[in-house]
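K.L.:
Here is my input; please provide its structure:
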Amino acid sequence: MAGFDKRLTAARADLAAAHLKGKVEAERYVEPRPMRVSAASAPLRRAPGKDAMLDTEALFGETVDVYEVADGCAWGQLRNDGYVGYLPEAALAAPRGQPTHRVATLRSYAFPGPDIKMPPVHLLSLGSLLEVTGSRDAFLVTAEGLHLWVSHLAPLDLLAQDYVAIAERFLGTPYLWGGRTSLGLDCSALVQLAMTAAGYVCPRDSDMQERIGEPAEIDADLSGLRRGDRIHWKGHVGIMLDASRLLHANGFHMRVEIETLRQARDRIARMGGGEITAIRRSGRADKRPAG
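P.N.:
Numbering: from 1, shown residues only. Coordinates of the predicted model:
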């Protein structure tokens, strides 16, 4: 495993993905079984069991390449960002077709029929993926028969123009280590969800995100910052709203908060979090290819 990021490598001492044969040592190698997240979200933990640390969450409709199922847990790798871990088997189902739409609002209820008075089946967070097969009244209907309000969904090829505006929708959302939904999320999930909605390729964790985009050329007094610049510390990341204000999910406020960059910088340094390690700026070259 030397040289491999364990977070992104589907390999254990006893089991590894077939495509890693010859690259890592394991007792056996297996081909993946694609599964789809069928719960509103699914926790991905670094070890089996509900008491294991939450590393991230998979959203409804996302694909998981599963390599093993045992004792109610599936060990696999998320296709969207490559994260590896254990998910509840009950939160996964066999895939149907391909997603066509995503939830474009902060969150949206999925109903069993075209009536907002019906008890909802799910509360889906921004970025959840759905296969829309039809429409009925003011609802779009999915392959599973879920009904979602038409204005709450967007086709996958209709991307947000301003990723910062997407991030701003999460203002006040509780901070949750490993969280990746509008009910609770961490600093890097805020960045990932917002940038993905705008078509950027964005990995899951802040140290990975520090390697995307280009260094922003700014002065020593922090002048020259732009909307959308990402400010990185060791283990933390935030998004500039403008030349002076920072938006970030953080454990000090325990929510997504806006404050001046100088306030955040000084407090983080005072509390032992260190100095700013990088300022990154992403452009068109960092977006996924069209189609």
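
K.L.:
any residues touching stretch 200-219, and which ones?
P.N.:
With Cβ atoms under 8 Å, 6 or more residues apart in numbering as the contact definition, stretch 200-219 has outside contacts at 7, 56, 81-83, 163, 187-189, 191-192, 195-196, 224-226, 229-230, 232, 234-237, 277-283, 286-288. Every C-beta, even on glycine, is put in place using the N, C-alpha and C of the backbone.

K.L.:
and those residues, which are buried?
P.N.:
7, 56, 81-83, 163, 187-189, 191-192, 195-196, 225, 229-230, 232, 236-237, 278-282, 286 (16 or more other Cβ atoms under 10 Å).

K.L.:
thinking again about what came up before, which members of the contacts of stretch 200-219 occur in strands, if any?
P.N.:
Using DSSP state E, the subset of the contacts of stretch 200-219 located in strands is 56, 230, 232, 236, 237, 278, 279, 280, 281.

K.L.:
Could you tell me which ranges of the stretch 151-291 of the chain sit under the pLDDT cut-off?
P.N.:
Low-confidence segments of the stretch 151-291 of the chain (pLDDT under 70): 290-291.

K.L.:
tell me the helices in it, going along the chain?
P.N.:
Assigned helices in the stretch 151-291 of the chain, in chain order: 163-168, 187-197, 206-209, 261-270 (criterion: DSSP state H, counting those that start in this stretch).

K.L.:
so which of the ones you listed comes closest to residue 71?
P.N.:
Taking Cβ to Cβ, helix 187-197 is the member of the helices of the stretch 151-291 of the chain nearest to residue 71, at 27.6 Å.

K.L.:
tell me which strands and helices the closest one is in contact with?
P.N.:
When contacts are defined as 3 or more Cβ pairs under 8 Å, 6 or more residues apart in numbering; DSSP states H and E, helix 187-197 sits against helix 163-168, strand 180-181, helix 206-209, strand 236-240, strand 245-250.

K.L.:
swap the cut-off to 7 Å and go again
P.N.:
Packing contacts for helix 187-197, counted by 3 or more Cβ pairs under 7 Å, 6 or more residues apart in numbering; DSSP states H and E, involve helix 163-168, helix 206-209, strand 236-240, strand 245-250.

K.L.:
Can you add distance to residue 47 and give those back as CSV?
P.N.:
Shown next, in CSV, are those (distance: least, Cβ to Cβ, whole Å):
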stretch, distance to residue 47
helix 163-168, 31
helix 206-209, 21
strand 236-240, 24
strand 245-250, 24
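
K.L.:
of all those, which gets the most neighbours per residue?
P.N.:
The highest mean neighbour count among the helices and strands packed on helix 187-197, using mean count of other Cβ atoms under 10 Å, belongs to strand 236-240: a mean of 25.

K.L.:
before we move on, back to that, quick one: the helices of the stretch 151-291 of the chain as JSON lines, columns for distance to residue 33 too.
P.N.:
Below are those laid out as JSON lines (distance: least, Cβ to Cβ, whole Å):
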{"stretch": "helix 163-168", "distance to residue 33": "33"}
{"stretch": "helix 187-197", "distance to residue 33": "25"}
{"stretch": "helix 206-209", "distance to residue 33": "26"}
{"stretch": "helix 261-270", "distance to residue 33": "43"}
